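K.L.:
need a 3D model of the sequence below.
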Amino acid sequence: MKYDVTITGIGDFSLQLLQLRESMIIFDKDVPYEYLEMVISHTKSDIKGNISVGDIVVIADKEYKITAIGSEALKTLKEHGHCTLIFNGADSVEQPGQIALAGRGIPRVMVGDKITFE
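P.N.:
Numbers count the residues shown, from 1 in each chain. You can find the predicted model right below:
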């Protein structure tokens, strides 16, 4: 596993963002207060390998393939456990902090679920 965390909190607006925009903002448990309601927070972890296009991300019980990585996404993931996961399967991203994923539907997440990059 290259990155493995456990969801510790789900902001009130994060599920709306997931449903309406098919995106999930993740941040480690030191998320700034002003963003708390918009993000899915998780335990801290170190990146243990190179994350790249073609890698697999497992969220709860759903598996996704990375199709694109923004220019800043891995830096912010390493420093703050932060990026925006976009469930559109695109081969490019619109924002530098995004990681695009291809798979079947969007995940249903609960506190205690895992997010794993393999």
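
K.L.:
the bottom helix or strand of this structure by mean pLDDT?
P.N.:
Counting by mean pLDDT, DSSP states H and E, the weakest-scoring helix or strand in the chain turns out to be helix 14-21, with a mean of 93.

K.L.:
contacting residues around that helix?
P.N.:
Applying C-beta atoms under 8 Å, 6 or more residues apart in numbering, the external contacts of helix 14-21 come out as 23, 24, 25, 37, 38, 39, 40, 106, 107, 109. For the C-beta atoms, the positions are set from N, CA and C on the backbone; glycine is no exception.

K.L.:
of those residues, grab the buried ones for PyMOL.
P.N.:
Selection of the buried residues among the contacts of helix 14-21 in PyMOL, burial being defined by 16 or more other C-beta atoms under 10 Å:
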select buried, resi 23+24+25+39+40+106+107+109
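
K.L.:
show me where this structure has strands.
P.N.:
Residue ranges of the strands in the chain, as given by DSSP state E, are 3-10, 23-28, 40-42, 56-59, 62-69, 83-86, 98-102, 114-117.

K.L.:
can you list these in a markdown table and add mean pLDDT and distance to residue 17?
P.N.:
Compiled in a markdown table, these are given as follows (pLDDT from 0 to 100; distance: least, C-beta to C-beta, whole Å):
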| stretch | mean pLDDT | distance to residue 17 |
| --- | --- | --- |
| strand 3-10 | 97 | 11 |
| strand 23-28 | 96 | 6 |
| strand 40-42 | 96 | 9 |
| strand 56-59 | 98 | 14 |
| strand 62-69 | 98 | 17 |
| strand 83-86 | 98 | 9 |
| strand 98-102 | 99 | 13 |
| strand 114-117 | 98 | 16 |
